[in-house]
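S.K.: give me a 3D structure for the following:
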Amino acid sequence: MATHASPSSRPRLLTGGAILLLTAGCTSTTTSADKPAGAGLVVAPPSISAVPTIVQAEDKALPIEAYLLTSEQNRQTVAARNILTDRCMARFGFTSTEPPLPPGTARSDANLTQRRYFVTNVTEAAQYGYGAKTPVSGEKPSPAPQPPAYLLALTGSPDGSLSFLPGQTPQGGQDVNGQKVPPGGCVGEASGKLGATEANGNGGDAQLSRDIKNTGWEKSLTDARLLAAFSAWSDCMKAKGYDYPTPIAATDDPQWQTLGVSSEKARQTATADATCKAEHNVVGIWYTVESAYETALIEQNAEALRAIKQDIDKRVKLAAEALAS
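M.R.: I've put the predicted structure just below:
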C-alpha cells in the first residue's frame, strides 16, 4: 500500500459523537493521490554513486524513517493513550470503549516502502492485480450514541469533537459528575501525558519529518534519472501491449474503478507492470533517488532532526511507562 497518509484522511464525527480517525491503512488500490504534497523544501538533485538492483523494496528503510515513529512505536503510543484515557474517564464514572485519535497518529503499514513503488511482486500481481494481497477490513460499526456528559469528559466538547489540535483552544473546565474536565477532555489529558504537542503532530510524526518524506517523493518524480527509468519501463509495457507513460499512470488507470483492481485485465496489466519494473530496475533507481533526496534534506536539517529524535525517544519512554503502570 501507499505509505503516506492521504490528504483526505480526517477525523470523522460518527452518529454516537465519537470521533474515529480514517487512517491511511492498506487500500484496495495504491494511487499517486496517496502521496501528499510536501512543504516545498528546497534541494538540488543529489549525486548518486551506485544504484543497487532491487526488485521489491519492502525490506528497505528510507533515511527519514529514523525520524518517524516505527509501526510498533505507534502501536504502543496508541495503546498507552487508550489506557490513560480509560483511567481518566473512570474518574467521571465512564468507560471509554474507543478513544478518538488525533489526525496523523495512526499507522497500519509495516514500513514506509511497503507498496511504496506500487506493484512489484510478479506473483502477487498475477493473483491480485492492483489490489492488496490482504483485503481491507470493513469500517467498524458506529458506536452507540453517548450522552453529552460522556462526550464532555472524553473530549471537552459537547459534540465529541477534538479541541486540542493546532489552532484550537482546548475546551474543558466543565463539571461532570462532580469532576472538572481537563483541557481537551480525557483524550487531551492522555495525549499531554504522552508528550503530544503541535510540533510532533499531536503525538505522531513531526511536521519536518513528514515534509522531508513527502518532498523526497515529489523530487524523485521529476528527477531525470527516474524519468529515464520510467521511459524504459514504458517502452517495455508497449512491447507487451500496454500504453502508459509511468507506473503511476498504470496504477491510477480509471478503468480499474469499473473493471475492478483484481479483474483479469488488471491482473494481466499489473503482471506486465511488475515484470517491466524488474527488467529495468525501476524500483532500485526509484528507491536510490528518493533516498538521496531525503539524505540531502536530512543533512540540511540535522539540528532540528536531532531534537525530533530526542522527542521520539522521550515519548516512547512515556508510552512504555504508561503501559507498565
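
S.K.: can you give me the helices for the stretch 1-150 of the chain?
M.R.: For the stretch 1-150 of the chain, the helices defined by DSSP state H, counting those that start in this stretch cover 71-91, 122-128, 148-155.

S.K.: tell me the mean pLDDT for the last one?
M.R.: The predicted model assigns helix 148-155 a mean pLDDT of 94.

S.K.: what does the next helix or strand after it contact?
M.R.: Heading C-terminal from helix 148-155, the first helix or strand you meet, by DSSP states H and E, is strand 175-176. With contacts defined as Cβ atoms under 8 Å, 6 or more residues apart in numbering, strand 175-176 is touched by Phe92, Ala149, Leu152, Ala153, Val181. Any C-beta I mention is one placed from the backbone N, CA and C, and that applies to glycine too.

S.K.: which residues sit in contact with the third one?
M.R.: Going back to what we said before, that points to Leu152. When contacts are counted by Cβ under 8 Å, 6+ apart, Leu152 touches Pro158, Gln174, Val176, Val181, Gly185.

S.K.: hmm, which of those are the buried ones?
M.R.: Buried members of the contacts of Leu152, counted by 16 or more other Cβ atoms under 10 Å: Gln174, Val176, Val181, Gly185.

S.K.: can I get those in JSON lines including pLDDT and distance to Glu198?
M.R.: As requested, the buried ones among the contacts of Leu152 are exported to JSON lines (pLDDT from 0 to 100; distance: Cβ to Cβ, whole Å):
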{"residue": "Gln174", "pLDDT": "95", "distance to Glu198": "24"}
{"residue": "Val176", "pLDDT": "96", "distance to Glu198": "26"}
{"residue": "Val181", "pLDDT": "97", "distance to Glu198": "21"}
{"residue": "Gly185", "pLDDT": "95", "distance to Glu198": "17"}
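
S.K.: which of those lies closest to Asn74?
M.R.: Checking the buried ones among the contacts of Leu152 against Asn74 with Cβ to Cβ, the nearest one is Gly185 at 21.8 Å.

S.K.: in the chain, which ranges drop under the pLDDT threshold?
M.R.: Residues of the chain meeting the criterion pLDDT under 70: 1-40, 96-110, 134-143.

S.K.: quick check: longest helix of it.
M.R.: The longest helix of the chain (DSSP state H) is helix 302-324.

S.K.: quick one: buried residues of that helix?
M.R.: The neighbour-count check on helix 302-324 (16+ other Cβ under 10 Å) flags Leu305, Ile308, Asp311, Ile312, Arg315, Val316, Leu318, Ala319, Ala322 as buried.

S.K.: cool, stretch 115-131 as well?
M.R.: Judged by neighbour count (16+ other Cβ under 10 Å), stretch 115-131 contains these buried residues: 115-122, 124-125, 128-131.

S.K.: next, count neighbours for the nearest residue to Ser209 once chain neighbours are set aside.
M.R.: Spatial nearest neighbour of Ser209, excluding adjacent residues (Cβ to Cβ, 6 or more residues apart in numbering): Tyr67 at 4.4 Å. By the measure other Cβ atoms under 10 Å, the count of residues near Tyr67 is 24.

S.K.: still on that earlier bit, make a markdown table from the contacts of Leu152 and add distance to Thr275 to it.
M.R.: Below are the contacts of Leu152 laid out as a markdown table (distance: Cβ to Cβ, whole Å):
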| residue | distance to Thr275 |
| --- | --- |
| Pro158 | 57 |
| Gln174 | 61 |
| Val176 | 61 |
| Val181 | 59 |
| Gly185 | 53 |
